[in-house]
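> here is the input, now give the coordinates:
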Amino acid sequence: MTDQELIAAARAAALKAYAPYSNFSVGCAIESVDGTVVTGGNMENACYRLGVCAELAALTAAQAAFGLEKVARIAVAGGDGSGSELSGSEPVTPCGGCRQAILEAAQLSGQDLEIICSSGDGTRFRTHRITALIPHGFGPASLADSA
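Next up, the predicted model:
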C-alpha cells in the first residue's frame, strides 16, 4: 500500500468520526505487516473526558484483527469533516496519550513505527518515527526490572 492510499484510508475514517463538539474529525489507518488495514475515527462525548481518539480506536481494531505486534505503519489525518470531504491544510500528529499507545505497539512489534501525519485535505504530510514523537517514552520494555 502506498503512503497516499494509507492516508486516503485515514481520511475516509475521519469522515465517519463523531465530533459534534470540536468539529475536528480525526481518522487513523493502521497497516499490518501482511498488508491488512484497519481504521478508526475519533468519538467525542458530551462528558468530554470520555471521548476516544481515532488512534486508540484504530489500535483497538488492529489488536482484534491481527495483534499489535503486527502493526507495520500508521497514518493519521484530521480536520473539518462536516462536509462530504475532509478539509484542513495542516498535518495532524497524534496527541500525547496516543503517542504513548503507539509506543506500546512499537515495542511489541520490535520496530520504530512510522507514522504518516496528513492534513485533512491530504495535500501535505510529514512522516515521523514514534521515537521522534515520544523520545524517552515509557513502554513494555521499561518494565524489565519489575520482576
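
> make it CA atoms for all contacts and neighbour counts henceforth
Fine.

> what's the closest non-adjacent residue to the one residue sitting closest to the centre of the chain?
By Cα atoms, centre = their mean, the chain has its centre lying nearest to residue 55, at 3.4 Å. Excluding its sequence neighbours, the residue lying closest to residue 55 (Cα to Cα, 6 or more residues apart in numbering) is residue 28, at 5.4 Å.

> specify the local secondary structure of that neighbour.
Under DSSP: H, G, I helix; E, B strand; the rest coil, the three-state class of residue 28 is strand.

> ok, now how distant is the residue nearest to residue 41 when sequence neighbours are not counted from residue 101?
Closest residue in space to residue 41, ignoring its immediate chain neighbours: residue 54 at 4.0 Å, by Cα to Cα, 6+ apart. The gap separating residue 54 from residue 101 is 12 Å, by Cα to Cα, to the nearest Å.

> do residue 39 as well
The spacing between residue 39 and residue 101, counted by Cα to Cα, is 15 Å.

> could you do residue 62 as well?
12 Å.

> same check, this time on residue 60
Taking Cα to Cα as the measure, residue 60 falls 10 Å from residue 101.

> who does the residue nearest to residue 55 bridge with?
Bridge pairing for residue 28 (DSSP bridges) gives the partners residue 40, residue 76.

> quick thing: my sequence starts at 479, can you match it?
Got it, first residue is 479 now, which makes that one residue 506.

> give me the number of residues near it?
Using other Cα atoms under 10 Å, residue 506 has 34 neighbouring residues.

> where do the helices sit along the chain?
481-492, 532-543, 574-587, 608-611 (DSSP state H).

> single out the most deeply packed of the ones you listed.
Comparing the helices of the chain by mean neighbour count (mean count of other Cα atoms under 10 Å), helix 481-492 comes out on top with a mean of 24.

> mind listing what the residue nearest to residue 533 touches?
487-489, 491-492, 517-519, 532-533, 536, 552-555 (Cα atoms under 8 Å, 6 or more residues apart in numbering).

> how does it look with 7 Å?
Counting by Cα atoms under 7 Å, 6 or more residues apart in numbering, residue 506 touches 488, 491, 517, 518, 519, 532, 533, 536, 553, 554, 555.

> relative to residue 614, how far out is it?
24 Å.

> from residue 528, how far off is the closest residue to residue 600 other than its chain neighbours?
Once flanking residues are discounted, residue 600 sits nearest to residue 485: 7.0 Å by Cα to Cα, 6+ apart. Residue 485 sits at a distance of 26 Å from residue 528 (criterion: Cα to Cα).
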